[in-house]
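> Predicted coordinates and the sequence they were generated for:
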Amino acid sequence: MSREVKKLTGLVAATFTPLTTEGEINLSVIEPYIDYLTEKQGVKSVFVNGTTGEGCSLTVEERKQLASEWCLQGKGKLEQVIVHVGCMCIKDSQELARHAASIEAHGISVISPSYFKPTNADALKMFLKEVAACAPDLPFYYYHIPGMTGVSLKAVDVLKGIELMIPSFQGVKYSGTDLRDLGQCVCYCQSQNWSVLYGVDEQLLGAMALGVHGAVGSTYNYLGRTVKQMISAFDKGDATQARDIQFKCMDVITFAMNLGFDVAMNKQVMNEVSGLALGPPRLPLLPCPVSKAQSVAQKIKYLSEGHSD
């Protein structure tokens, strides 16, 4: 990798994909979406076309258009645009990686294939290597999300020695709950100066105690400013305040989970909180009843105003 790399740290919003009521991508929403993130939430890095963005439900061409628009509209406003290019087909992933390089994204990330699953860490590393090679000058991040892929390999086993295969490797987005594995990832990444970004929003504080460098998550679209306060308290050594904020965020997410929290509900919550017209999810996800999303949005409003319930 020839260019200097800025280490990925802090909060990264996993972005939703704006769709019209007819189910087509709606690029016109991205500019005001960026303004909302940066001005209202203080979040200046994004992770595009991932789980929250329904990336695996989009065509390759749609993913290209979205990545291009985020990079174009983000110039001068966003610090980093990380594009998820993972697909079931390695050729599609390679095409998206080359495209991300052509639009000057700040990095790319890849999940494990989940239909024909890699049988061991070496097989997965070979897949990642072939994708990374198509964008050798872009920082490369492995996206570990076993709950969605069904791939139960330990992330640390994927990381070990990967620098010999992928010179552009810069870290891992860890969306799992195995804190032992997470801790070992942090330990291994320290010697490489790589980033470990945590992806389970309601457990971020615990991951911070293990030394993660930041977080990628969907709730940072609308809880970004609140979570930044938690990070600030933690950095100042105020564990009590940090825990208090984490507990309140947990309450909001638990409330949403009891209502059936998924990507579809999350997207509708963002519609309600931000006022952006992000539209419905794409099938097979079903739209969330507006009343449920509004009740979650009310809880978020109470939290942002400093209320405990």
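Looks like it came in fine. Numbers count the residues shown, from 1 in each chain.
> List the buried residues of the helix or strand of the chain with the lowest mean pLDDT.
None of the helices or strands of the chain scores lower by mean pLDDT, DSSP states H and E than helix 290-304, at a mean of 93. For helix 290-304, the neighbour count (16 or more other Cβ atoms under 10 Å) marks 292-293, 296-297, 299-300, 303-304 as buried. Quick note: C-beta positions are derived from backbone N, CA and C, even for glycine.
> same question, stretch 266-282
Across stretch 266-282, burial judged by 16+ other Cβ under 10 Å covers 266-274, 276, 278-282.
> Show me what the longest helix along the chain is packed up against.
The helix that spans the most residues within the chain, counting by DSSP state H, is helix 239-258. Judged by 3 or more Cβ pairs under 8 Å, 6 or more residues apart in numbering; DSSP states H and E, helix 239-258 is in contact with helix 204-210, helix 220-235, helix 263-274, helix 290-304.
> helices and strands around the shortest one, which ones?
Helices and strands touching helix 204-210, as assessed by 3+ Cβ pairs under 8 Å, 6+ apart, comprise helix 179-192, strand 195-198, strand 214-217, helix 220-235, helix 239-258.
> Using PDB, list the CA coordinates for the second one.
These are the backbone C-alpha positions of strand 195-198, laid out as PDB (Å, rounded to 0.1, in the frame of the first residue of the first chain):
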ATOM      1  CA  SER A 195      -7.800  -1.000  14.200                       C
ATOM      2  CA  VAL A 196     -10.400  -3.100  16.000                       C
ATOM      3  CA  LEU A 197     -13.900  -1.700  15.600                       C
ATOM      4  CA  TYR A 198     -16.700  -3.200  17.700                       C
END
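> in its sheet, what does it sit against?
Strand 195-198 sits in its sheet next to strand 169-174 (parallel), strand 214-217 (parallel), going by DSSP bridges.
> rewinding a little: so which residues make contact with the least confident helix or strand of the chain?
With Cβ atoms under 8 Å, 6 or more residues apart in numbering as the test, helix 290-304 has contacts from 222-223, 225-226, 248-249, 251-252, 255-256, 259-261, 265, 268-269, 271-273, 308-309.
> how long is stretch 150-158 end to end?
End-to-end span of stretch 150-158 (Cα to Cα, to the nearest Å): 15 Å.
> Enumerate the positions of that stretch that are buried.
Buried, per 16+ other Cβ under 10 Å, within stretch 150-158: 151, 153-158.
> which of the residues in stretch 157-175 are buried?
Residues of stretch 157-175 classed as buried under the neighbour-count rule (16+ other Cβ under 10 Å) are 157-159, 162, 166, 168-175.
> so can I have a markdown table of the residues you listed showing distance to I34 and pLDDT?
Output for the buried residues of stretch 157-175, formatted as a markdown table (distance: Cβ to Cβ, whole Å; pLDDT from 0 to 100):
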| residue | distance to I34 | pLDDT |
| --- | --- | --- |
| D157 | 37 | 98 |
| V158 | 32 | 98 |
| L159 | 31 | 98 |
| I162 | 32 | 98 |
| I166 | 30 | 98 |
| S168 | 26 | 98 |
| F169 | 28 | 98 |
| Q170 | 23 | 98 |
| G171 | 23 | 98 |
| V172 | 26 | 98 |
| K173 | 21 | 98 |
| Y174 | 26 | 98 |
| S175 | 23 | 98 |
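> now, which of those residues sits nearest L286?
Of all the buried residues of stretch 157-175, S175 has the smallest distance to L286: 22.8 Å, by Cβ to Cβ.
> Name the nearest residue to that closest one, ignoring sequence neighbours.
G199 (3.1 Å; Cβ to Cβ, 6 or more residues apart in numbering).
> any idea of the pLDDT on that neighbour?
G199 is assigned 98 on the pLDDT scale.
> With Y220 as the reference, measure out to it.
Note on G199: its distance to Y220, by Cβ to Cβ, to the nearest Å, is 11 Å.
> Check P287 too.
Note on P287: its distance to Y220, by Cβ to Cβ, is 23 Å.
> Neighbour count for those two, which is higher?
Remark: of P287 and Y220, Y220 carries more neighbours, 29 against 14, as counted by other Cβ atoms under 10 Å.
> For stretch 265-273, give the mean pLDDT please.
In this model, stretch 265-273 has a mean pLDDT of 98.
> Also stretch 119-134?
Model confidence over stretch 119-134, given as mean pLDDT, is 98.
> can you count the residues close to A67?
By the criterion of other Cβ under 10 Å, A67 has 25 neighbours.
> Need the nearest residue in space to it, chain neighbours excluded.
Leaving aside its sequence neighbours, A67 sits nearest to V83 (Cβ to Cβ, 6+ apart; 4.6 Å).
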